[in-house]
Structures are given as structure tokens and as C-alpha cells.
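> Sequence first, predicted coordinates after that:
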Amino acid sequence: MHVLVVGGGGREHAIVWALSKSPKVDKIFCAPGNGGISALAECIPLKATDLEGITAWCDSHPIDFVVVAPDDPLALGLVDALEEKHIPAFGPRKNAAIIEASKVFSKGLMEQYHIPTAAYRAFTDMEGALAYIHEQGAPIVVKADGLALGKGVVVAQTEDEAVSAVREMMGDKKFGASGSRVVIEECMTGPEVTVLAFADGTHIVPMPSSQDHKQAYDGGKGPNTGGMGAICPSPRYTPELAVRCMEEIFLPTMRALQAEGRPFSGVLYFGLMLTANGPKVIEYNARFGDPECQAVLSLLETDLMDIFLACQSGTLNQLDIKWSNRAACCLVLASGGYPGSYQTGYPISGLEEAGETATVFHAGTKQAGDEILTAGGRVLGVTATGDTLDTAIDGAYAAAKHIHFTDMHFRHDIGRI
Ligand code: AMP
Ligand code: GLY
């Protein structure tokens with residue numbers, strides 16, 4: 001098969017890496033790809049959001065299957081556009097991807113179908129939002145309705161902070177149209193766990209649990225990022241919790257989407273908080289998380305292409321998906337300054353040495369002659385597996401010691417917090 005993977009970050013490198021092991025896959029293309037992906041796939045210089053460019057390219061090349069990995073093209077309807085051209089694709093259609101693309105939609109769905117989540121109100125007018133904040137008091141959480149690169153959420157410790165967040169989103173249009181509606185919700189407390197699940201429209205099969213580390217600095221301090229590292233599985237996600245989440249959250253979500261005429265096929269991401277009153281949904285995503293994907297796929301033993309085909313054809317129940325019982329840790333090496341402004345174009349050294357004991361997934365890199373240069377905020381995801389979580393974490397840190405680039409920044413406590 002000839003497969004196109006849409007996207008160009010660490011998650012897409014992990015997907016391409018897993019697909020490259022499939023005997024079914026003869027050739028992989030990636031749009032736009034990155035410096036690491038180019039070793040396994042032919043990179044096509046098309047932006048992931050260029051729906052017309054991608055569908056036209058697929059039309060004129062012998063592509064058998066497309067994997068749409070990032071949120072933006074899913075929300076824009078790339079899977080629908082490919083289906084119109086009779087090109088099978090992995091990922092939800094636009095009407096199901098809305099579960100991530102609109103928090104007003106996802107909160108409404110959870111309310112209607114009694115799926116546990118934080119209490120909330122949605123607002124289209126700023127005055128109403130501000131009044132509600134003063135009525136509820138702090139701490140309180142303010143969320144832009146639409147996609148905002150994972151930065152549209154403010155967990156406000158004071159009313160003033162919440163008021164500023166609303167003014168920035170609704171008044172100053174910090175996130176453009178994404179902030180024209182806001183969700184204001186109860187601040188929950190407890191450890192966070194991610195569960196990614198394969199879905200085929202009807203059936204849902206959870207992957208091993210994982211944990212992201214969203215804040216930029218050690219101790220969970222600093223601004224939110226796309227994710228600074230991930231472990232798999234999460235020691236906090238017990239078998240009892242898994243049963244409870246399946247009954248109270250995963251299956252009800254699948255059924256709710258079906259009942260709404262929005263069957264979900266692809267990867268459904270459950271961001272969960274383990275509160276004193278049980279597990280609750282913080283957010284849904286309509287895709288693999290990044291960097292959770294890099295850690296989770298490192299433990300997959302079944303052919304990923306078989307899984308993608310089963311999700312796309314509605315036959316996931318016929319597949320027995322196997323996972324290693326080891327553990328994995330993905331440590332993100334970022335550019336100094338990220339998630340704020342940062343410089344790019346620095347040469348990266350030590351990749352080969354690190355690659356001897358870990359898998360180094362590239363995120364923001366580009367190939368320039370013989371060199372690999374930094375080209376983004378999150379640069380690399382050094383991913384190691386081990387018999388235990390401790391050995392996986394130690395393995396990722398030991399491998400990362402070989403890697404250098406100017407102003408390299410990473411957290412020292414991935415999996416330890
Ligand atoms: P999200 O983009 O919705 O995952 O939110 C980013 C982060 O904000 C989450 O990983 C949580 O740490 C935090 N967060 C979001 N919603 C809440 C909430 N209702 N209560 C407490 N923390 C939250
Ligand atoms: N790591 C969180 C996300 O991909 O949204």
C-alpha cells in the first residue's frame with residue numbers, strides 16, 4: 001500500500017515509524033513531514049491545512065490510504081474531502097471532529113448524555129461571562145470555544161485573572177474566532193490521566209493509559225505548552241478505574257456521538273481528571289495526543305496499518321490489539337524560550353548516539369545537507385522503553401544526554417510528578 005500521513009511533528013514521526021514496520025505498507029509519504037520523518041517517508045511540501053492541495057495531490061498519485069493526524073485538518077473536514085474522492089482515510093469526519101474543535105459542543109454533549117465533567121456555562125457575551133465569574137468566585141477555569149494550539153485554557157486562581165482571560169479572548173480576540181464564545185467551568189482538582197482509544201464509528205478500544213506534562217518547567221510550573229513529555233502507562237490508572245471509565249465515559253461518549261448522527265472513527269482522546277468524586281472529562285481531542293502518541297505507540301505490538309484499516313472499515317471488534325507490558329517515556333527537548341518566542345536553525349548533535357538506546361522522534365527539525373537543524377518549539381521526543389516505568393524514564397534521560405543544540409530546554413521530572 002501507498003500511505004500518506006498528514007502532519008509534521010513528533011506524533012506524525014511516531015505514526016510513520018510504526019507504519020514503516022508494517023509488511024502491508026510499501027511506501028509512505030508525509031505532508032509536510034520533518035527532518036526525521038524524511039528518513040522513513042517521502043516528504044511532500046504541502047501544509048496539513050491545505051485541503052485542496054492535499055486532495056489534488058492524492059488524486060494525481062497512487063495513494064491507497066491517508067492518515068490525518070493533526071486537529072486543524074480534521075476540524076476543517078479533510079477526511080470528508082478525501083472520502084468525496086473515494087480515498088479511504090483514518091480520522092473522524094468534520095461532524096465528529098467537532099468534539100475537539102468546539103468546547104461548547106463537547107460540554108453540551110456531556111451534559112445531555114450525563115458524562116461526568118466539570119460544571120460549566122457557555123457565553124457569547126462578555127458581560128454575561130464576567131458576571132458569572134463574579135458570581136462563582138475563584139479558582140475558576142476559562143476556555144476559548146475553538147482550537148487554540150492547546151493555549152486557550154486559563155486556570156485562574158483569582159477573579160481578576162479570570163476577568164483578564166475573558167477580556168483577552170472575547171474583547172482583544174487573542175485567539176481570533178476561537179474565542180468569540182467561551183466556556184467558564186468549575187476548577188477540578190486531582191491527578192490527570194490521558195486515555196487514547198481507537199474507534200471505528202461503533203466500537204471503541206482503549207490503548208494503555210498515559211500522562212502528559214503540559215507545563216513548561218519542573219514541578220508543573222510555568223506556562224502551558226503542547227506537552228513536555230509523556231509516560232505510558234500511568235501508574236495512577238488502575239484496572240478498577242479502567243472499568244469505571246469504560247462504563248461511565250468511553251462507551252457513553254461513543255453512543256452519544258452515534259445518537260447525534262456523528263459516529264466517531266479515528267483516535268478519541270480522553271483527558272481525564274481523577275477527582276475525589278471519580279474520574280471526570282477535562283477535554284476530548286479527536287486525534288492522538290502529542291507527545292502521548294510517541295510513548296504509547298512505542299508499546300504497540302499489532303500492525304498499526306491493520307488497526308487503521310479496521311477503524312476505517314468499522315471492523316475494530318474483529319481485531320485483537322496487542323501491547324507490550326513494558327513501560328515507555330518520551331522526553332521532549334525544546335528550544336529555549338518555548339512556548340514563548342525562540343530562535344531556530346541551530347545544528348543538533350548526538351542524534352546517532354542517542355538513537356542507540358532510544359527512539360528519537362523529530363518534531364521541529366529540518367534537514368539541511370548533512371545536518372539536522374532545529375526548526376520549531378518542540379524539537380525532539382527522546383523515547384525509551386523499559387521493564388518498569390523507572391527504567392524507561394532513566395533510559396530516556398540517559399539517551400538525551402548525548403543530544404545538544406544551542407539553548408536546549410527540557411524538564412527534569414517527566415514521570416516523577
Ligand atoms: P485542556 O486544553 O482543556 O486540556 O486544558 C489544559 C489544562 O488545563 C488541563 O490539562 C488541566 O491541567 C487544566 N484544566 C482544564 N480544565 C480544567 C478544570 N475544569 N479544572 C482544573 N483544571 C483544568
Ligand atoms: N498532549 C496534549 C495534546 O496533544 O493535546
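Great, that's in hand. Ligands and ions are numbered 1, 2, ... in the order given.
> which residues touch residue 333?
With contact taken as Cβ atoms under 8 Å, 6 or more residues apart in numbering, residue 333 is in contact with 378-382, 400, 403, 405, 408-410. C-betas here are computed from N, CA, C, even on glycine.
> Mind doing that once more with 10 Å?
Listed by Cβ atoms under 10 Å, 6 or more residues apart in numbering, the contact set of residue 333 reads 228-229, 348, 354, 360, 363-364, 374, 378-382, 400, 403-405, 408-411.
> Residue 117 now?
Taking Cβ under 10 Å, 6+ apart, we find residue 117 in contact with 106-107, 109-111, 185-186, 188, 249, 272-273, 280-284.
> Tell me the bridge partners for it.
As for beta bridges, residue 117 partners with residue 281 under DSSP bridges.
> how close does it get to ligand 1?
When Cβ to the nearest ligand atom, to the nearest Å is the yardstick, residue 117 and ligand 1 sit 8 Å from each other.
> quick one: pLDDT of that residue?
pLDDT recorded at residue 117 is 98.
> for residue 172, same thing?
Residue 172 is assigned 86 on the pLDDT scale.
> what about it, distance to ligand 2?
Distance of residue 172 to ligand 2, given as Cβ to the nearest ligand atom: 24 Å.
> hang on, isn't that residue packed against residue 144?
No: between residue 172 and residue 144 there is no contact under Cβ atoms under 10 Å: 11.8 Å.
> quick one: which of these two has more around it?
When residue 172 and residue 144 are compared on other Cβ atoms under 10 Å, the one with more neighbours turns out to be residue 144, at 26 against 10.
> Quickly note the distance from the more buried one to residue 73.
Computed with Cβ to Cβ, to the nearest Å, the distance linking residue 144 and residue 73 is 20 Å.
> same thing with residue 50?
Using Cβ to Cβ, one gets 9 Å for the distance from residue 50 to residue 73.
> Could you tell me which residues touch both of the two?
Jointly contacting residue 50 and residue 73 under the rule Cβ under 10 Å, 6+ apart are 6, 31.
> Between these two, point out the one with more neighbours.
residue 73 (26 against 18).
> hmm, back to that, which of the contacts of residue 117 fall in strands?
Members of the contacts of residue 117 lying in strands (criterion: DSSP state E): 185-186, 272-273, 280-284.
> Could I get the pLDDT score of the residue nearest to the spatial centre of the chain?
When Cα atoms, centre = their mean is applied to the chain, the residue found nearest the centroid is residue 289 (1.8 Å). For residue 289, the pLDDT comes out at 97.
> part of a strand, is it?
No: the assignment for residue 289 is coil, going by DSSP: H, G, I helix; E, B strand; the rest coil, so no strand is present there.
> Would you confirm that it contacts residue 295?
Yes: taking Cβ under 10 Å as the contact criterion, residue 289 and residue 295 are neighbours in contact, 9.5 Å apart.
> Mutual contacts of these two, please.
Contacts common to residue 289 and residue 295, judged by Cβ under 10 Å, 6+ apart, are 194, 210, 212, 230.
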